[in-house]
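In: predicted model follows, preceded by the sequence.
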Amino acid sequence: MKFTVRPLRLFAAAALIGFVILLTGESDDPIIWRYSARYVAVLAGYGAAVTGGVFILSRRLPTLPAGVWWLIGTTLAGIAAWLPLLDHTPYLNLTLKLVLITFGLALIKAANPRFTHWRAATLLYLTLILTTSALTLTAYPLMHISDEGWTANVGQTFVAEGVVHSRIHQGIFGVPQRFVPLGNILPGYWFEAAGSDLFQARLISFFGGLLLLAMTFTTARQMGLGGSGALLSVCVLAGSYPFLLTSHFFRLDVYLALVGMTALYCYGRSHRQHIWAFVAGLLLALGVELHQNALVLCAAAGGLMTFGVIVRSIRLRHLSLKPQEIYFVIGGVCGASLFLALHVLSDPDLFMRQFRNGGSWRVELTSTSPGGIFRVLVEMVSKFWQASPLGLIVCGASLISAYFNPKARLGLTLSALILLALNFLLPSYLEYYAILIMPLLAVLVGMELKRHFGDNDVLSLVVCAAMAFPLLLTALQHRHEAVNARLLTAFEKVSTVFKEDARIAAPQIFVFAMPHNPNLIALFMPRYAQWTRQPFSGVEVWQKFQPEAFIVYGIYGGEEDPAAENYRQTHGFQEVMRINDLPQPLIVYALPTALKGLQ
């Protein structure tokens, strides 16, 4: 078995990759050239390792069955994938990973002539992306002060009490949470079996991300991109900001994107079997049971279908409906009927009151947000630019290019409708909302890269890597700083001083420290009272719940919340603990009745 190599090209590639990796070395000094001696030394070591290793592999290897080489190669790649990231020398660690994976892929390629350079490079890229993602699962992004705890607590509450609401919200002031998507109760069974901590919670999102990558590949192939084009789309998605965020962050947005891509795939099959259109419509409508943001996908799909019917009817001069469109609508009506039965018909007046409250909140945010009615698009572009400037440029250029590509017109129109729905249906933009459009956008980018670069797939992959690189750096930096780990450790320490059933007002993520306490209260309840138009507000909220302790961290419950401060002062709360080695101080105020061993 003999390898054909070009040492100069290989060394140049190794040196380039090594140099980029070395730029990730942590340094408080932005002028990295002051550390040039260390970087040059490690760069030389990397280049020598790869060049020497390939030189050895370029000799004739022992004659062994192909399966043995597959085993050796995959073992090396596997070792690299799970090699712990050394906190103090991440650039050296990544270098070692690259060397091991390179050798592993070389051996696999030697055993299988069909394993092309493109497939090897793609596997290397995806391995690095997903490995880095797995290693930074609990570190990036920083825990949201409310959403992750709320999502986890819905499942915990259902398993413990058999009702659909979150205990930390205390039933939202006595209002039954009939509007909580039922999909939120499913993680509760996972927590019951595996434990309620941040890793187990985010593992649910990571698994959803892997499923989304697989469905994106399948849908891209169905749309005519072929195997290499579909792989390219997966590479774009895997290295995108929305995907890295939502495949970590414990919300169900990534599953909502999975529903959208699955519905698109099903509708693509409906030209031969119309029942698939029914399945597509049903899936989109049932997506509301994962999150109400499914209405964005429903509105975009409905708008696209309506536009197609109008254009076709005008051209034919009579109403023209395709069978699959009728099946799609029937599926959507069936899904919507289920939502009405479970959430609306039991108390229509309550539903409409909550709906109007949400609508008025949206109007207030629109009138005060920069960008006016297009505030979501403005914020989305801004966040994308901060996360990966090149990623935003490539996505924007691909959308412009897709306009001149007849094969991409339908996908481009659907993308535009999703963007408009995101802008006008959501009250504010949060980074993870963009995952609703990112899979389709990744397919369009992959299509345009394939169209412009032709068979030069490696160049397209380099573009993908350049788009993803700033995001991976950010994730690794978060892992090094370990803010989430330190905060969870602090919460665990705090939880040891309280009784198991103490009434504690805390950030919602505190549910990971005391998952079985039925008397936790979210710190942002006064603000929620304002949003839901309750007849009481401010300190009256705390007088209603009568907490025995406050755990203050972040914007809720501290100096920014005068109601909580006023309540503590008038009821004799004492500071019993303060932890300062966090981005913000964590302060614990309590009455003696909340503490262990005290009455």
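Out: Looks like it came in fine. The structure displayed is predicted, hence computed values, not measured ones.
In: so M577: helix, strand or coil?
Out: strand (DSSP: H, G, I helix; E, B strand; the rest coil).
In: the closest residue in space to it that isn't next to it in sequence bridge partners, please.
Out: Nearest non-adjacent residue to M577, counting by Cβ to Cβ, 6 or more residues apart in numbering: V588, 4.0 Å away. Any C-beta I mention is one placed from the backbone N, CA and C, and that applies to glycine too. Assessed by DSSP bridges, V588 has beta-bridge partners I551, M577.
In: for V541, see how far away V588 is.
Out: Noted for V588: a distance of 20 Å to V541, by Cβ to Cβ, to the nearest Å.
In: over to A402?
Out: For A402, the distance to V541 (Cβ to Cβ) stands at 50 Å.
In: burial count for the closest residue to K407 other than its chain neighbours?
Out: Closest residue to K407 apart from its sequence neighbours, by Cβ to Cβ, 6+ apart: G224 at 6.7 Å. Residues contacting G224 under the criterion other Cβ atoms under 10 Å number 10.
In: quick check: G224 is in a helix.
Out: No: applying three-state DSSP, one finds G224 to be coil, outside a helix.
In: that one against P406, yeah?
Out: No: applying Cβ atoms under 8 Å, one finds G224 not in contact with P406, separated by 11.7 Å.
In: how about stretch 314-322, which residues are buried there?
Out: For stretch 314-322, a neighbour-count test (16 or more other Cβ atoms under 10 Å) marks K322 as buried.
In: and it, how far out from the chain's middle?
Out: In terms of Cα atoms, centre = their mean, to the nearest Å, the centre of stretch 314-322 is found 41 Å from the chain centre.
In: again with stretch 210-217
Out: 13 Å.
In: if I've got this straight, N517 is in a strand?
Out: No: counting by three-state DSSP, N517 is not part of a strand but coil.
In: tell me who's in contact with it.
Out: Taking Cβ atoms under 8 Å, 6 or more residues apart in numbering as the criterion, N517 is in contact with F498, E500, D501, A502, I504.
In: for L440, grab the count of nearby residues.
Out: Count around L440 with other Cβ under 10 Å applied: 25.
In: could you list every residue that touches it?
Out: Contacts for L440 were tallied using Cβ under 8 Å, 6+ apart; they are G260, M261, L264, G411, L414, S415, I418.
In: beyond the helix or strand where L258 lies, next helix or strand please.
Out: Using DSSP states H and E, L258 falls within helix 253-269. Counting by DSSP H and E, the next helix or strand C-terminal to helix 253-269 is helix 275-286.
In: coming back round to it: top of the contacts of N517 by neighbour count?
Out: When the contacts of N517 are compared by neighbour count (other Cβ under 10 Å), I504 ends up highest, at 25 neighbours.
In: correct me, but it touches A549?
Out: Yes: if you go by Cβ under 8 Å, I504 and A549 touch, sitting 4.6 Å apart.
In: mutual contacts of those two, please.
Out: With contacts taken as Cβ under 8 Å, 6+ apart, I504 and A549 have F498, A594 as neighbours in common.
In: among the contacts of N517, which are located in helices?
Out: When the contacts of N517 are checked against helices (DSSP state H), there are no matches.
In: so where's this protein uncertain?
Out: In the predicted model, the chain carries pLDDT under 70 at residues 1-121, 124, 145, 170-180, 353-373, 427-430, 455-457, 532, 555-560, 597-599.
In: closest to the centroid, which residue in it?
Out: With distances taken as Cα atoms, centre = their mean, T246 lies nearest the centre of the chain, 0.6 Å away.
In: now do the strands in this structure.
Out: For the chain, the strands defined by DSSP state E cover 504-506, 520-522, 549-552, 574-579, 586-590.
In: what's the closest of the ones you listed to Q156?
Out: Closest to Q156 of these is strand 520-522 (Cβ to Cβ; 10.2 Å).
In: parallel or antiparallel, list what pairs with that closest one.
Out: Neighbouring strands of strand 520-522 in its sheet, by DSSP bridges, are strand 504-506 (parallel).
In: determine how far the partner strand lies from the middle of the whole chain.
Out: Strand 504-506 has its C-alpha centroid displaced from the chain centroid by 27 Å (Cα atoms, centre = their mean).
In: kindly report the same for stretch 381-388.
Out: From the chain centre to the centre of stretch 381-388 is a distance of 15 Å (Cα atoms, centre = their mean).
In: report the buried residues of it.
Out: Neighbour counts over stretch 381-388 (16+ other Cβ under 10 Å) mark K383, F384, A387, S388 as buried.
In: turn those into CSV, including distance to N519.
Out: Compiled in CSV, these are given as follows (distance: Cβ to Cβ, whole Å):
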residue, distance to N519
K383, 37
F384, 41
A387, 39
S388, 43
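In: of these, which is the nearest to N184?
Out: For those, the nearest to N184 is K383 (25.1 Å; Cβ to Cβ).
In: and that closest one, how far from G391?
Out: Per Cβ to Cβ, K383 is found 11 Å from G391.
In: what of T136?
Out: Separation of T136 from G391 (Cβ to Cβ): 18 Å.
In: for H271, same thing?
Out: Counting by Cβ to Cβ, the separation of H271 from G391 is 34 Å.
In: neighbours of H343, just the number please.
Out: Counted with other Cβ under 10 Å, H343 comes out at 19.
In: cool, and L264?
Out: With other Cβ under 10 Å as criterion, L264 counts 24.
In: report the contact partners of it.
Out: Neighbouring residues of L264 by Cβ under 8 Å, 6+ apart: T219, A280, L440.
In: same question for L426.
Out: By Cβ under 8 Å, 6+ apart, the neighbours of L426 are N293, V296, R362, V376, Y433.
In: repeat that for I437.
Out: I437 makes contact with S415, I418, L419, L422 under the criterion Cβ under 8 Å, 6+ apart.
In: equivalent analysis for G411, please.
Out: Under the criterion of Cβ under 8 Å, 6+ apart, the neighbours of G411 are M223, A402, L440, V443, L444, M447.
In: and G396, how many neighbours?
Out: Neighbours around G396, by other Cβ under 10 Å: 12.
In: scratch that, F307
Out: 12.
In: check L340 too.
Out: Neighbours of L340 (other Cβ under 10 Å): 13.
In: repeat that for the one 10 residues further on.
Out: By the criterion of other Cβ under 10 Å, L350 has 14 neighbours.
In: kindly report the same for G454.
Out: A count of nearby residues for G454, using other Cβ under 10 Å, gives 10.
In: report the contact partners of the closest residue to G538 other than its chain neighbours.
Out: Closest residue in space to G538, ignoring its immediate chain neighbours: A563 at 4.2 Å, by Cβ to Cβ, 6+ apart. By Cβ under 8 Å, 6+ apart, A563 lies in contact with P526, S537, G538, V539, V541, W542.
In: can you do 10 Å?
Out: Applying Cβ atoms under 10 Å, 6 or more residues apart in numbering to A563 gives the contacts M525, P526, R527, A529, S537, G538, V539, E540, V541, W542, Q543, G557.
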